[in-house]
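> Fold the following for me, if possible:
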Amino acid sequence: MSGIGFTIEEIQVPATIGGPGWDVFEEYVTVRNAVESYALGTDLLEMPLPDVWSEYRDNPHRVRRHFAVWQDGVIIGRGIVTSRPQSPESGVHLMTDILPEHRRAGLGSALLERVEQVALDTGASVLKVVLPHRAAAGGERVAAPTGFGDLPADDDGVRFLSSHGYALEQISRISLLDTDGLADRIRPLRDAAVAAAGDAYRVVSWIGATPDRWVGDLAEMRTRMSTDAPSGGLVTPVDEWDAERVRENDARIAESGRTVLTAAVEHVASGTLVGYSELLVSDGLSVATQEDTLILRDHRGRRLGTLVKIATADLLLEHAPQLEAIVTWNAEENRPMLDVNEAMGFRAIGYEGAWQKRV
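Numbering: from 1, shown residues only. This is a model prediction of the structure:
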């Protein structure tokens, strides 16, 4: 696809780090990081090349196609079409990024048209877009239909998606926790959580690949993440996990050079895990990424969420004390988890809007 002064071409993720096509991929990722940093007003969430390479590789549960916008021999934008072969009813996720200095020239609309058509060709009936938005107060606002959170109406992403027929369905808060002095700050929270949990529960933890004993329990809890976590009005079918998928995920993360720190809560009487929390650590970053945190419904109300999040923070302080912060994403309507985060000292640095269009 081409227009006046630009072309849109599909590119491939290299089969290996540094393999054929790596230079183009590096330029493509540079656009990703530049747009993310501009949207949030911070470069804290930039990702190293190996991390992005790992995330963008296809697997049996997620397939991505990538498109680069070229102008004068340089990549100035990128598009992604992400589909899930195992659950096509969930729709297709799209991403369109144009460098700020090249916006309002029709490039974003042309790129969106291209990726939307690719999605429609797969038979998709639901299109989804998730975008970061800067934390900015005042002015006209666009509220989430969940009743929790709003975004500036003049935000680039808000204006663009609204004008192309997408509806805002949910807002997530992006929060940062500084690790300086964290051990002292969380000590009283840990004591209270341990007391509330009593002898009925105990914390287990591991670094890297999931121990054989817990693979089945972790697969069950990851499946429950797709049904128990708030999703607003988004089309969200069950995302099934099994032991093989857990192992594949562990191997993919290890291959990229990243490390997962996991803390879980065991229900002593049944010998099963009823909650977990994960932190992802990369050698190329000063910030750890909070991945899933979940407590099964039947075991909530006992401060297990606080217990398991503090346990992952303890793992981080022990095994990666050089890291400066932890970043996490939480739906604005997920008040119980936000209460835990705020008590630990997390502060908002931006927001992420989940948009959807039915076709």
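> Could you list the low-confidence segments of the stretch 1-150 of the chain?
Applying pLDDT under 70 to the stretch 1-150 of the chain picks out residues 1-3.
> quick one: the helices in it?
According to DSSP state H, counting those that start in this stretch, the stretch 1-150 of the chain carries its helices in the segments 22-40, 49-56, 107-121.
> With only the CA atoms kept, save the shortest one in PDB.
Spelled out, it's helix 49-56. Output in PDB follows, covering the C-alpha atoms of helix 49-56 (Å, rounded to 0.1, in the frame of the first residue of the first chain):
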ATOM      1  CA  LEU A  49      15.200  -5.200  21.500                       C
ATOM      2  CA  PRO A  50      15.500  -8.800  22.800                       C
ATOM      3  CA  ASP A  51      12.400  -8.300  25.000                       C
ATOM      4  CA  VAL A  52      10.300  -6.900  22.100                       C
ATOM      5  CA  TRP A  53      11.600  -9.700  19.900                       C
ATOM      6  CA  SER A  54      10.400 -12.300  22.400                       C
ATOM      7  CA  GLU A  55       7.000 -10.700  22.800                       C
ATOM      8  CA  TYR A  56       6.500 -10.300  19.000                       C
END
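> How far away from the center of its chain is it?
13 Å (CA atoms, centre = their mean, to the nearest Å).
> what's the answer for the longest one, then?
Taking the mean C-alpha point of helix 22-40 and that of its whole chain, the gap between them comes to 16 Å (CA atoms, centre = their mean).
> so it versus helix 49-56, what angle?
90 degrees (axes from the mean of the first three to the mean of the last three CA atoms, to 10 degrees).
> what packs against helix 22-40?
With contacts taken as 3 or more CB pairs under 8 Å, 6 or more residues apart in numbering; DSSP states H and E, helix 22-40 sits against strand 6-11, helix 49-56, strand 63-71, strand 74-83, strand 92-98, strand 126-134, strand 347-358. Placement of C-beta: from N, CA and C, glycine included.
> Now distance to V274 too, for the ones you listed, in TSV please.
Formatted as TSV, the helices and strands packed on helix 22-40 follow (distance: least, CB to CB, whole Å):
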stretch	distance to V274
strand 6-11	43
helix 49-56	29
strand 63-71	33
strand 74-83	31
strand 92-98	30
strand 126-134	29
strand 347-358	28
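> Select, out of those, the one closest to D43.
strand 347-358 (11.5 Å; CB to CB).
> other SSEs contacting the closest one?
helix 22-40, strand 126-134, helix 156-163, strand 167-178.
> Pairing partners for it, with directions?
For strand 347-358, the pairing partners within the sheet under DSSP bridges are strand 126-134 (antiparallel), strand 167-178 (antiparallel).
> need those in TSV with distance to I326 and mean neighbour count, can you?
Output for the strands paired with strand 347-358, formatted as TSV (distance: least, CB to CB, whole Å; neighbours: other CB atoms under 10 Å):
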stretch	distance to I326	mean neighbour count
strand 126-134	17	20
strand 167-178	4	20
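> Dump those into a markdown table; add distance to P230 as well.
Output for the strands paired with strand 347-358, formatted as a markdown table (distance: least, CB to CB, whole Å):
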| stretch | distance to P230 |
| --- | --- |
| strand 126-134 | 14 |
| strand 167-178 | 7 |
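> what are the ranges of the helices in the stretch 201-350 of the chain?
Going by DSSP H, counting those that start in this stretch, the stretch 201-350 of the chain shows helices at 215-228, 243-255, 304-319, 335-344.
> and those, which is most packed in?
helix 304-319 (a mean of 22; mean count of other CB atoms under 10 Å).
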